[in-house]
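> just the structure for this:
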Amino acid sequence: MPSPSHPTDGPFARRRLPLLGWILCAFSATVSAEPVTVARVESPGKVLRVSLQLDGGTPSYRVDRFGETVVDSSKLGFQLRDGRLDRDLAVVGQQSRSVDETWEQPWGERRLTRNHFNEVVVQLAERGGAKRRIDVVFRVYDDGLGFRYHFPEQPGMREAIIDDELTEFAIAPTSTAWWIPAGEPIHYEYLYRRTPLDQVPLAHTPMTLRSRDGLHIAIHEAALVDYAGMWLRRTEGQHLRAQLSPSAEGWKVRRSLPFDTPWRTLQISDTAGGLVESSLILNLNEPNVLGDVSWVKPSKYLGVWWSMHLDEESWATGPRHAATTAKTKRVIDFAARHGFRGVLVEGWNPGWNGDWVGNGYAFDFTRPTADFDIEALSAYGAKKGVHLIGHHETGCAIEHYEDQLGAALDLYARLGVDSFKSGYVCDDGQVDRRNPAGGPLWREWHDGQFMARHHLKVVQEAAKRHIAVNPHEPIKDTGLRRTYPNWITREGARGMEYNAWGQPPNPPEHEVNLVFTRMLSGPLDYTPGILSLKGRGGQAIRSTLARQLALYVTLYSPIQMAADLPEHYEQHREAFRFIEDVAVDWDDTRVLNGEVGDYVTIVRKDRHSRDWFLGSITDEHGRVLPVSLGFLEPGVRYRAEIYRDGDGADFRSNPFAFVRETREVTSADAWVLNLAPGGGQAIRFTPL
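Residues are numbered from 1 along each chain as shown. Have a look, this model is predicted:
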């Protein structure tokens, strides 16, 4: 007998199936409905189009280039401590604007930078529950885009505690990736790996991609301020998701409202060189807030440095101590004779004895060791036009360093030390932080919110005293040098010291990879110019002599070190001449050719003369690279001083084969660069 609650006849039975069908149809329509485009913005030249979509209240974005999808539908949002903020959202407002302006860098790869974009700001609010609000900002250029979130002031929400971002990058074209791992002990100091994108597990940015059709894409971030650095975690296929650097407190970011997140950036180009020439990262940062920064001096420097990496001398005091008054005077003398403005000295202060790695509590930044007369050396250098470059190795004892920071910078300011190098040597995830409740120390990551705050504090305190900062083992560059021009360069890569240690030395492709990966974020203090081509125990560096010169043009930094020992420069006087002459501050920069990991040729125009400089490097394979000299001023004859690989040069068997020669050329001339395996070529073009 049928249950009374499930009648099979009567008025209800006659309406039951149509009602059920209506419910099923409505459900089907909900789950199968296409995302609704709620905003769209094109780049000024209509190269790129970005669409913001809502799918049942979940926001996503899509990027098309000339009508072809580059980034497929990719979700946006947050995992907050009090629940997800990526669902049941609706548009409550929208604004658009266009900007076309040109601004001048006080120093940089080029003097004038065009900032030309279209922008849309979309306000989103939850339709139920807490009714939280969030804005999404898209700023679109012809060569890429940036997008970020804005948390506005709003009732019932004074701060945001972010457990992670839900931002995605669903890369559409099948691509190869060049990347280094994130979440590993030595932060950014890895050789770049080349794999299919669908084999990348967890990577740092910038990460560079090349599609099967030759489209180049670089994923990074801009304006990383008081926030955790972004890693990229592959979820499936070619889908990447932002993963924020961890914090000892459990959450990734904690901020009071209102605030902006960093920009998530995509640089997009038909060529690898187009990525290098892009100004996207700088343009997405705020203008200079320091005012007159003529006290920031791009220059070249020597150092009491390489001998310690060779294990010929020591940072620690004793009979092998490198940072002595007598030795530093000799290096200052050499710098003065050859036109170098600075001399870096490491190991000048107490704290280097014993095991200081990840244990920097013995460092004193306000006084020298007994055998280093910093007062006398500063005065001695000043008479010769040479400035001491300071050094602060923290050993990752961050607050111990901050306790002394003001006094340490006051000492430098008084002595005319107008730039310094800092260091943060410890395993990533092992940066010391005091526990506010007492007890065991907390451990932080080099690119977490805690360290983002620390690095900016150092830069701001240094700026008050007109001092420039060059951090090693740093947080990654995100273009903040535009806002704080005293943040002049940094490390953040597997540098030249690995060639001293020989574990193993950097392969020739490494420096080519750096141009198209790490250096998309900003300047690199790679410390080139090892003309001895030898590391510890005579270990061969994988480079020809000419290649070491070309690195001064291909690896940009506004301060460049001549890293080798003075006696080695005396032994290679012809090659050393290029290091003496090469500029460091540029009016213009152009990439003449290049492929990621294979080769690159870059020309730069000196900001303070009419000279151009060319640098070209290759991987382990020799190259014949035709180039046009059309970058030169038309109708002007130039003397080309050429520093090239000699006949039979090869980084493995004949690295010192080297020729210096001169020719007269004009902009109408074609040129052929012959690069040896592991080799390079450097040229100075001077108007006659």
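
> low-confidence regions, the chain specifically.
1-33 (pLDDT under 70).

> the nearest residue to residue 630 once chain neighbours are set aside - how many residues pack around it?
Excluding its sequence neighbours, the residue lying closest to residue 630 (Cβ to Cβ, 6 or more residues apart in numbering) is residue 667, at 5.5 Å. For the C-beta atoms, the positions are set from N, CA and C on the backbone; glycine is no exception. Residues contacting residue 667 under the criterion other Cβ atoms under 10 Å number 16.

> please apply the same query to residue 660.
Residue 660, neighbours per other Cβ under 10 Å, totals 16.

> helix/strand/coil for it?
Here residue 660 is recorded as strand under DSSP: H, G, I helix; E, B strand; the rest coil.

> now do the closest residue in space to it that isn't next to it in sequence against residue 340, distance only.
Nearest-residue entry for residue 660: residue 574, 4.9 Å, with adjacent residues in sequence omitted and distances by Cβ to Cβ, 6+ apart. With the distance defined as Cβ to Cβ, to the nearest Å, residue 574 ends up 18 Å from residue 340.

> between those two, which one's more packed in?
residue 340 (24 against 11).

> quick check, the more buried one in contact with residue 562.
Yes - contact criterion Cβ atoms under 8 Å: residue 340 and residue 562 qualify, at 6.8 Å.

> give me the common contacts of these two.
300-302 (Cβ atoms under 8 Å, 6 or more residues apart in numbering).

> which one of the residues you listed is nearest to residue 81?
residue 301 (46.4 Å; Cβ to Cβ).

> that closest one: how many residues sit nearby?
26.

> check the one 3 residues further on too.
Other residues within reach of residue 304, judged by other Cβ under 10 Å, total 25.

> pop out the phi and psi values for the residue nearest to it when sequence neighbours are not counted.
Distance criterion Cβ to Cβ, 6+ apart; nearest residue to residue 304, sequence neighbours excluded, is residue 345 at 4.6 Å. Dihedral pair for residue 345: phi -130, psi 120, per degrees, to the nearest 10.

> how far away is residue 345 from residue 394?
17 Å.

> with residue 66 instead?
Taking Cβ to Cβ, one finds residue 66 at 48 Å from residue 394.

> then residue 463?
19 Å.

> which residues touch the residue most central in space within the chain?
Centroid-nearest residue in the chain: residue 521, 2.9 Å away (criterion: Cα atoms, centre = their mean). By Cβ under 8 Å, 6+ apart, the residues touching residue 521 are 205-206, 220, 281, 476-479, 492.

> now, which of those residues lie within helices?
Here DSSP state H is the test, and the contacts of residue 521 give residue 281 as lying in helices.

> by neighbours, which of the contacts of residue 521 wins?
Within those, residue 220 tops the neighbour count with 30 neighbours, counted by other Cβ under 10 Å.

> so residue 463 and residue 394 - more neighbours on which side?
Using other Cβ under 10 Å, the more surrounded residue of residue 463 and residue 394 is residue 394, with 28 against 22.

> A helix includes residue 412, no?
Yes - if the criterion is three-state DSSP, then residue 412 is within a helix.

> distance-wise, check it relative to residue 352.
18 Å.

> same check, this time on residue 34
64 Å.

> so for the two, which residue has more residues nearby?
Taking neighbours as other Cβ under 10 Å, residue 34 and residue 352 compare with residue 352 leading, 22 against 8.

> which helix or strand contains the more buried one?
Counting by DSSP states H and E, no helix or strand carries residue 352.

> and the closest residue to it other than its chain neighbours, what is it in contact with?
With Cβ to Cβ, 6+ apart as the criterion, residue 352 has its nearest non-adjacent residue at 4.3 Å, and that residue is residue 315. Residues in contact with residue 315 (Cβ under 8 Å, 6+ apart) are 308, 321-323, 346-347, 352.

> ranges for the helices of the stretch 401-550 of the chain?
Under the criterion DSSP state H, counting those that start in this stretch, the stretch 401-550 of the chain contains helices at 449-464, 497-501, 508-516, 545-554.

> pick the most deeply packed of those.
Neighbour counts (mean count of other Cβ atoms under 10 Å) averaged over each of the helices of the stretch 401-550 of the chain peak at helix 545-554, with a mean of 28.
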